[in-house]
Structure formats: C-alpha cells, structure tokens
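In: pasting the sequence and the predicted coordinates here, then a few questions.
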Amino acid sequence: MFFGTPHLRSNKANLAEIATQITSLAGKASHTNLASSIKLDFEILDNIHTDFLRLLRLGQFYIHNFIEGKLMAGIGKIVEDYSSKIPDITGMQIHEVIDGDHRSMNRYSTAQDARYRKVISALRHYMNKLDKKHGIERMCDNCEQSSKELPAKPYFSVP
C-alpha cells in the first residue's frame, strides 16, 4: 500500500521540488537538515525502481495507491495524481482517492474514521486474495472458531 507516493520517474528538478515541499512541512528549524538528508543517489533509486517494476509485472504482488484527495494549505498537492499511478500496469494495482491531504491521509482519530475504514477495507481485500490462494479460512470476529484450522503463522491481523 502506498499513500501519496510518487511512482513515475522524475527528473532531478521534480524530485528536488517534492523534497522541498515535504521538508517545508517540518518547519524552518528542520528544513536544512531534512533537505540535506533527502539528497538521493539517483542511480540506486533507478535500480530499485527497475527491480520493483520487474517484480510487479511478473505478478509477484499487487499494489494499492491511495491518492491525496485534498490540497495542503499553501502548498497544494505534494504528489500529483498522475505520479501516484504506475502506467502500463493493469490488473496489478488499484488507485483510490482518500479524503485527506498528504499529511492527514494516513492519520485517523478513531476506528470509525472514513479514511481508516477505507484502508481497512483495502487490507481485507488483499487478505482475502491471500486466503483464497492458500486455502485459508479466517476466524470471524464474533465466532469461537472457524470450520477450518487457522495456519500456524497468520499473514497479518486487521482489527
């Protein structure tokens, strides 16, 4: 799952602009330290990106992109919608707008928060894919036990 993550290769100017926007969120005191630590080795980043796309195209995993639904005050969108999507990858990714800006899109006040419910729904979607693939039946929240025994090592648990 990705929350407001740029996937498209960008030139150095675009990455520098994104880094500047992100560091400005931390305030002036941290701006200089964060800006210097965000300097990326573009060759390493390019290799990671290439390997990631290769594995995605092989169907090794699925991705879920949450896209910023609101603008940051005084800044706008940190990651534009088009950059949050990986082009030419069909069936392996889902794009979904979440009602929040870059800072609030993964912060939730309660388990009833609509953004939280959207994320939990996506997690359950992928849990069901894993369950079907491996023939797992999970215990329901209100049940004593399921008709099948759970595996010794569950993948993860979602409240």
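Out: Arrived safely.
In: could you use CA atoms for every contact and neighbour count after this?
Out: Noted.
In: now for the protein, the helix or strand with the poorest mean pLDDT.
Out: Among the helices and strands of the chain, helix 28-37 carries the lowest confidence by mean pLDDT, DSSP states H and E, at a mean of 54.
In: how about the helix or strand just after it: buried residues?
Out: Using DSSP states H and E, the helix or strand that follows helix 28-37 towards the C-terminus is helix 42-57. Of the residues in helix 42-57, 56-57 count as buried by neighbour count, 16 or more other C-alpha atoms under 10 Å.
In: walk me through the domains of this structure.
Out: What automatic domain parsing lists as the domains of the chain is 2-101, 108-159.
In: low-confidence ranges in this protein?
Out: For the chain, the stretches flagged by pLDDT under 70 are 9-42, 136-159.
In: mind redoing it with 80?
Out: For the chain, the stretches with pLDDT under 80 are 8-46, 59-60, 87-91, 130-159.
In: show me what contacts Val119?
Out: Counting by C-alpha atoms under 8 Å, 6 or more residues apart in numbering, Val119 touches no other residue.
In: how near is it to Lys132?
Out: Val119 is 20 Å from Lys132, where distance means C-alpha to C-alpha, to the nearest Å.
In: and what of Gly76?
Out: Applying C-alpha to C-alpha to Gly76 and Lys132 gives a distance of 41 Å.
In: do the same with Asp113
Out: 28 Å.
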